[in-house]
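[1] prediction below, plus the sequence it came from.
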Amino acid sequence: MSVAVSNPIPVNPVEKYLRMERIPHIWCPGCGIGTALNAFIRALDEAGFEPDKVCVVSGIGCTGRVAGYVNLDSFHTTHGRAIPFATGLKLANPELKIVVFSGDGDLIAIGGNHFIHAAQKNMDITVICVNNFNYAMTGGQYGPTTPISAQTSTAPWGSYQAPFNLPKLAESAGAVYVARWTTYHVHQMKKSILEALRKKGFSFVEIISQCPTLYGRRNKFRDGITHMEWFKEHSVIKDHPIPSDINLGFRTETIVGKFLDIERPTYLDAMNDRYQRIREEKGV
């Protein structure tokens, strides 16, 4: 007599890091944020950190929703203030692995001042920035990374403001690890996030993402797949290029890769070293 053998459905390895009761998510069909989150979770799983020792901090915006979906200690903070919250967490409990996961508008516009000073201090945090070139949650206005000539709701004839070069900004401010990938480069993205998580100091990974509902629709990308195909065909991988050569243009080639990987004392290490010297000088 034959016995039927049931084939159990394999468990997706990312599920344990997600609040599955909140799935399906609210991101638009074709949005790249889910791809970025998937790469982060797989990198985190490979890194082997204890989940109770990992905190994810995000601000306001589409990418800011990440904090509500991860099954970790997470903080959905006020607009532009993800990095100060993360800094406070790290100073209060240096054993924690702190990850800031937010968007270009949140981190670089209203949060830009915090970004450069955390990099300058070399705070031991990992910053993942999903860059979709606009304020997608509030109507698709142009932002600090919108390329010149790209159309948005507040620049219907094309943006005329030069965008920030985020890897160059991070490097010049003092980051010790800087990389950029698109949502097409899923394996390289995961590898860079893994390296950033393991790096001691201010590490920064920019993820160029499609936004099919707003930015893509206004700029003649038919859907998310079309935009990802464009990433595939127009991305050039370079290691350690000249920072000024990696500016993002409108429908021009996108330079991706690992741009910086150096060592320097973190804020806490420098502070502890300084106080130790003072104690030795005073004979305390």
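    All right, it came through fine. Numbering: from 1, shown residues only.
[2] please count neighbours and contacts with C-alpha atoms only from this point.
    Noted.
[3] show me where the chain has its strands.
    54-58, 73-76, 97-103, 126-131, 134-135, 141-142, 177-182, 203-208, 235-237, 254-261 (DSSP state E).
[4] in the second one, what counts as buried?
    With burial defined by 16 or more other C-alpha atoms under 10 Å, the residues of strand 73-76 counted as buried are 74-76.
[5] residue 8: which of the residues you listed is nearest?
    Using C-alpha to C-alpha, residue 74 comes nearest to residue 8 of those, at 31.9 Å.
[6] got the contact list for the closest residue to that closest one other than its chain neighbours?
    Once flanking residues are discounted, residue 74 sits nearest to residue 56: 4.6 Å by C-alpha to C-alpha, 6 or more residues apart in numbering. By C-alpha atoms under 8 Å, 6 or more residues apart in numbering, residue 56 lies in contact with 67, 70, 72-75, 98-101.
[7] which parts of the stretch 151-284 of the chain are helices?
    Assigned by DSSP state H, counting those that start in this stretch, the stretch 151-284 of the chain shows helices spanning 166-173, 186-198, 217-218, 224-234, 267-282.
[8] hey, C-alpha coordinates of the longest one in PDB?
    Put plainly, it is helix 267-282. Provided in PDB are the C-alpha atoms of helix 267-282 (Å, rounded to 0.1, in the frame of the first residue of the first chain):
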ATOM      1  CA  TYR A 267      33.600  58.700  18.300                       C
ATOM      2  CA  LEU A 268      33.500  56.500  21.400                       C
ATOM      3  CA  ASP A 269      37.000  55.100  20.900                       C
ATOM      4  CA  ALA A 270      38.400  58.600  20.400                       C
ATOM      5  CA  MET A 271      36.600  59.800  23.500                       C
ATOM      6  CA  ASN A 272      37.600  56.900  25.700                       C
ATOM      7  CA  ASP A 273      41.200  57.200  24.500                       C
ATOM      8  CA  ARG A 274      41.200  60.900  25.300                       C
ATOM      9  CA  TYR A 275      39.800  60.500  28.800                       C
ATOM     10  CA  GLN A 276      42.300  57.700  29.500                       C
ATOM     11  CA  ARG A 277      45.200  60.000  28.600                       C
ATOM     12  CA  ILE A 278      43.800  62.700  30.900                       C
ATOM     13  CA  ARG A 279      43.500  60.200  33.700                       C
ATOM     14  CA  GLU A 280      47.100  59.100  33.200                       C
ATOM     15  CA  GLU A 281      48.400  62.700  33.100                       C
ATOM     16  CA  LYS A 282      46.600  63.500  36.300                       C
END
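[9] outside of that helix, which residues touch it?
    For helix 267-282, using C-alpha under 8 Å, 6+ apart, the contacting residues are 91, 121-124.
[10] again, but for the third one
    The set of residues that contact helix 217-218 without belonging to it, under C-alpha under 8 Å, 6+ apart, is 151-152, 223.
[11] with the first one instead?
    Defining contact as C-alpha under 8 Å, 6+ apart, one finds that helix 166-173 is touched by 116-117, 119-120, 177-180, 204, 206, 243-244, 246, 259-260.
[12] can you rerun that using 6 Å?
    The list of residues contacting helix 166-173 from outside it, by C-alpha atoms under 6 Å, 6 or more residues apart in numbering, reads 116, 119-120, 243.
[13] let me see the mean pLDDT of that helix.
    In this model, helix 166-173 has a mean pLDDT of 97.
[14] same deal with the second one?
    The average pLDDT for helix 186-198 rounds to 98.
[15] cool, and the fourth one?
    For helix 224-234, mean pLDDT is 95.
[16] helices or strands next to that helix in the packing?
    With contacts defined as 3 or more C-alpha pairs under 6 Å, 6 or more residues apart in numbering; DSSP states H and E, helix 224-234 has no helix or strand neighbours.
[17] center of this structure - which residue?
    Geometric centre of the chain, nearest residue: residue 128, 1.7 Å, by C-alpha atoms, centre = their mean.
[18] that one and residue 98 touch, don't they?
    No: contact criterion C-alpha atoms under 6 Å: residue 128 and residue 98 do not qualify, at 11.0 Å.
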